[in-house]
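In: I'd like to go over a predicted model; first the sequence, then the structure.
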Amino acid sequence: MKTTMLEYCKMILGKVCFNRRLYRKEFRKSRQWLTESEREELKRWLRENRLMPSYHLKSYQ
């Protein structure tokens with residue numbers, strides 16, 4: 001089964017959410033790889049799963 005970049009980003013961010021520095025690094029990389037619509041979907045997913053720390057909300061909008 002082929003994994004989309006969006007699904008890959010979700011998997012990575014879910015695994016590194018315990019480490020603020022690593023999460024920030026992966027979060028920034030995901031923004032570069034994804035299209036605008038995928039970014040919005042990722043943002044919704046992170047909020048639904050409570051994986052988006054408040055320090056990222058301002059920079060992501």
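Out: Structure received.

In: let me see the ranges of the strands in this structure.
Out: Assigned strands in the chain: none (criterion: DSSP state E).

In: in it, which residue is closest to the centre?
Out: The centroid of the chain falls nearest to Phe27 when counting by C-alpha atoms, centre = their mean (4.9 Å).

In: model confidence score at it, please.
Out: Among the per-residue scores, Phe27 shows a pLDDT of 92.

In: before we move on, what about the one 3 residues further on?
Out: Reading off the confidence values, Ser30 has pLDDT 93.

In: pull the number of nearby residues for Ser30.
Out: The tally of other residues near Ser30 (other C-beta atoms under 10 Å) stands at 20. From N, CA and C alone the C-beta is placed, and that goes for glycine too.

In: my guess is the residue nearest to the centre of the chain contacts Gly14, does it?
Out: No: the pair Phe27 / Gly14 is not scored as a contact, 11.7 Å apart, by C-beta atoms under 8 Å.

In: and stretch 23-36, how far out from the chain middle?
Out: With C-alpha atoms, centre = their mean, to the nearest Å as the basis, stretch 23-36 stands 6 Å off its chain's centre.

In: which parts of that stretch are buried?
Out: 23, 26-27, 30, 34 (16 or more other C-beta atoms under 10 Å).

In: pLDDT on stretch 35-42, on average?
Out: Here the average pLDDT along stretch 35-42 is 94.

In: just put the buried residues of stretch 23-36 in TSV and tack on distance to Leu42.
Out: Below are the buried residues of stretch 23-36 laid out as TSV (distance: C-beta to C-beta, whole Å):
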residue	distance to Leu42
Tyr23	13
Glu26	11
Phe27	9
Ser30	6
Leu34	6
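
In: just those residues: which are in helices?
Out: Secondary structure assignment by DSSP state H places 23, 26-27, 30 of the buried residues of stretch 23-36 in helices.
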